[in-house]
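Engineer: coords below, sequence missing:
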C-alpha cells in the first residue's frame, strides 16, 4: 500500500510539470531556491533595483523622511552553515552625517554602519543549526540627515545543503520528488539532510507531501516540531506542546467585544516566524520544589496547584537553574507567543477565552473559583491542548510591557516599557480579565498569590 501511494504521488506530480516559484525580492537577492523567505516592513519598503547587470534589493529613498525600513528573512539551518551577502551604503548625505544601516541575527546586531560605503562589500557569518531571523535595517534620523540615503543588499547565500535537494544537484525540482520516493522505497534515507523536507528530524512519506506543496507554491512551511515532549526533573514530569509559526491578529479583536480594554488596542497583525514549545500547564508547585527545593506559594495543600508568589525575577532564577539541570533552553514566552498559543495557534476557532466562548468551561475566575487557586488541567483544554490559559493564575511573559501600535509586526518583543507584562487572568478576576487578549504589567520584583508563569522554549 505504501509503495502504491508513493508511486501515485510521483506520477501525479510528473503529470503537472510544476516548478518552484520565487518572489521579486528572492530574485533580486539571488537567493538559491527556496531556503530563505523575505518580508519587507517599515514606512519605506525595500524595492528591487537594477544597475547594469546587477539586480539587488534597496531600502531608503533620497528626499523621503522615512524613519525605518527593515528587510526580514527567516531561515532554517539543518546543520552548521555560513551566511554571506554583499551590501552597499550610499546616497545624498555626507560621510559625517549619514543614516544608519544594521544587520542582525536573532536580534543580535552583527554590524552597524553610520558612514558611506560606496563599493559593494561582502559580509559573512556562521549560523548554528536551527531557525533564525535575519534583519537588514535602514534607520533614518531626519534631524541629522534630511537628504535620505540607501542601504542595498545582494547575493544572499546560505552555504548548506538545500532543503528538498534530495539528489544533491543544488536545486529543488520535480526530480527531487522522484529521488525522495526512491529513497523511501529502498529504505535508505540515512544522512540525506535535504530529504527531510518538513524538518521534523526524520524522512517519511510526509516529506513527499511537503516537497510537492513547495513545488506548487514556492514557499516552505515552517519546520515541524516533535508533537509532544515530556521532561522529568527530580521525579516531577511536565509536558511541552509544539506551536507552529503563523500569522494572527493580536489584541482587542472583534470577538472580545466591549470587554476589551483600551490598552489591548489597536488590534494588529503579528507574524511568528519560528515554531516554539509552550508548556501544557502553568508551572506547578511540585515542579518548583523539584528545581528550587522550597515552595514560595501562598495557597498550598496540593502540589499540583500552580506556583505563585513568584516575581518575574524569581522566574528568571528558576529558569536558569532548570536549564542548568536539564541542558535545555527554557524561557518565558513573549506576549505574542503567549497570545497566539492561547488563541489556539493555527488551529484557532476564534474563541473569546482560551478554548471556549464560555469562561466557566476553561477558566477558574472569581465567579467559580471559591476564592482560591485550583490544581492545573482541571478545566477544558484549548485547541492546542493547553490548560488554564484563561484564569487560575496570571502568567508572566518575557516582554517589557509596551503600548500597541497598528503596525504589522514580525516576532515582536516588548522592550520600551519598564515593567514586565503578564497575561491569562486569575482566580479572583471576573471573566472579563480572563480573555485571550487581556494584558497588564507589574514590577519585576512584585509577587502575589495570583501570579505564576508558564514555560516556553
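Structural biologist: Sure thing, it's come through. Just so we're clear, the structure is a prediction, and the values are computed from it rather than from any experiment.

Engineer: what's the domain layout of this protein?
Structural biologist: 2-19+163-217, 36-159, 229-453 (automatic domain parsing).

Engineer: Could I get the ones you listed in a markdown table, plus columns for mean neighbour count?
Structural biologist: C-beta coordinates here come from the backbone N, C-alpha and C atoms, glycine included. Below are these laid out as a markdown table (neighbours: other C-beta atoms under 10 Å):
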| stretch | mean neighbour count |
| --- | --- |
| domain 2-19+163-217 | 17 |
| domain 36-159 | 17 |
| domain 229-453 | 19 |
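
Engineer: possible to save those as CSV with distance to residue 30 and mean pLDDT?
Structural biologist: Formatted as CSV, those follow (distance: least, C-beta to C-beta, whole Å; pLDDT from 0 to 100):
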stretch, distance to residue 30, mean pLDDT
domain 2-19+163-217, 13, 75
domain 36-159, 5, 74
domain 229-453, 22, 95
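
Engineer: For residue 29, which of the ones you listed is the nearest?
Structural biologist: domain 36-159 (4.5 Å; C-beta to C-beta).

Engineer: ok, back up a step: out of the domains of the chain, which gets nearest to residue 26?
Structural biologist: Of the domains of the chain, nearest to residue 26 by C-beta to C-beta is domain 36-159, at 6.6 Å.

Engineer: in the sheet, who's paired with residue 243?
Structural biologist: Beta bridges link residue 243 to residue 276, judged by DSSP bridges.

Engineer: need the domains of the chain in a markdown table with distance to residue 28, can you?
Structural biologist: Shown next, in a markdown table, are the domains of the chain (distance: least, C-beta to C-beta, whole Å):
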| stretch | distance to residue 28 |
| --- | --- |
| domain 2-19+163-217 | 19 |
| domain 36-159 | 4 |
| domain 229-453 | 20 |
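
Engineer: Quick one: closest of these to residue 25.
Structural biologist: Short answer: domain 36-159, nearest of the domains of the chain by C-beta to C-beta, at 4.5 Å.

Engineer: Relative to residue 455, how far out is residue 330?
Structural biologist: Residue 330 sits 5 Å away from residue 455, going by C-beta to C-beta, to the nearest Å.

Engineer: Can you check which residues contact both of the two?
Structural biologist: Here residue 330 and residue 455 have 319, 322 as joint contacts, going by C-beta atoms under 8 Å, 6 or more residues apart in numbering.

Engineer: where exactly do the strands run in the stretch 201-350 of the chain?
Structural biologist: Assigned by DSSP state E, counting those that start in this stretch, the strands in the stretch 201-350 of the chain fall at 229-233, 236-243, 246-250, 268-272, 276-279.

Engineer: Now that we have the ones you listed, can you turn them into TSV and tack on distance to residue 424?
Structural biologist: Formatted as TSV, the strands of the stretch 201-350 of the chain follow (distance: least, C-beta to C-beta, whole Å):
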stretch	distance to residue 424
strand 229-233	22
strand 236-243	16
strand 246-250	15
strand 268-272	18
strand 276-279	12
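
Engineer: For residue 385, find the nearest of these.
Structural biologist: Using C-beta to C-beta, the strands of the stretch 201-350 of the chain put strand 236-243 closest to residue 385, at 5.7 Å.

Engineer: same for that closest one, what does it pack against?
Structural biologist: strand 229-233, strand 276-279, helix 285-292, helix 335-342 (3 or more C-beta pairs under 8 Å, 6 or more residues apart in numbering; DSSP states H and E).

Engineer: and the shortest one, what does it pack onto?
Structural biologist: The contact analysis (3+ C-beta pairs under 8 Å, 6+ apart) places strand 276-279 against strand 236-243, helix 335-342.

Engineer: between those, which one is nearest to residue 426?
Structural biologist: Per C-beta to C-beta, nearest to residue 426 of the helices and strands packed on strand 276-279: helix 335-342, 14.1 Å.

Engineer: C-terminal to that closest one, what's the next element?
Structural biologist: Counting by DSSP states H and E, the next helix or strand C-terminal to helix 335-342 is helix 359-362.

Engineer: The helix or strand just after that next one pairs with which strands, and in what direction?
Structural biologist: Counting by DSSP H and E, the next helix or strand C-terminal to helix 359-362 is strand 394-400. Using DSSP bridges, the strands paired with strand 394-400 are strand 420-423 (antiparallel), strand 451-453 (parallel).

Engineer: any idea how far strand 394-400 is from the chain center?
Structural biologist: Offset of strand 394-400 from its chain centre (C-alpha atoms, centre = their mean, to the nearest Å): 16 Å.

Engineer: The next helix or strand after that strand packs against which elements?
Structural biologist: The first helix or strand that comes after strand 394-400 along the chain, using DSSP H and E, is strand 409-410. Counting contacts by 3+ C-beta pairs under 8 Å, 6+ apart, strand 409-410 packs against strand 36-42, strand 268-272.

Engineer: Within its sheet, name the partner strands of the helix or strand residue 155 falls within and how each one runs.
Structural biologist: Assigned by DSSP H and E, residue 155 falls within strand 149-159. Under the criterion DSSP bridges, strand 149-159 sits next to strand 54-59 (antiparallel), strand 81-91 (antiparallel) in its sheet.

Engineer: Could you dump the ones you listed into CSV and include distance to residue 214?
Structural biologist: Below are the strands paired with strand 149-159 laid out as CSV (distance: least, C-beta to C-beta, whole Å):
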stretch, distance to residue 214
strand 54-59, 22
strand 81-91, 19
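
Engineer: Before I go, just wanted to say thanks for your time.
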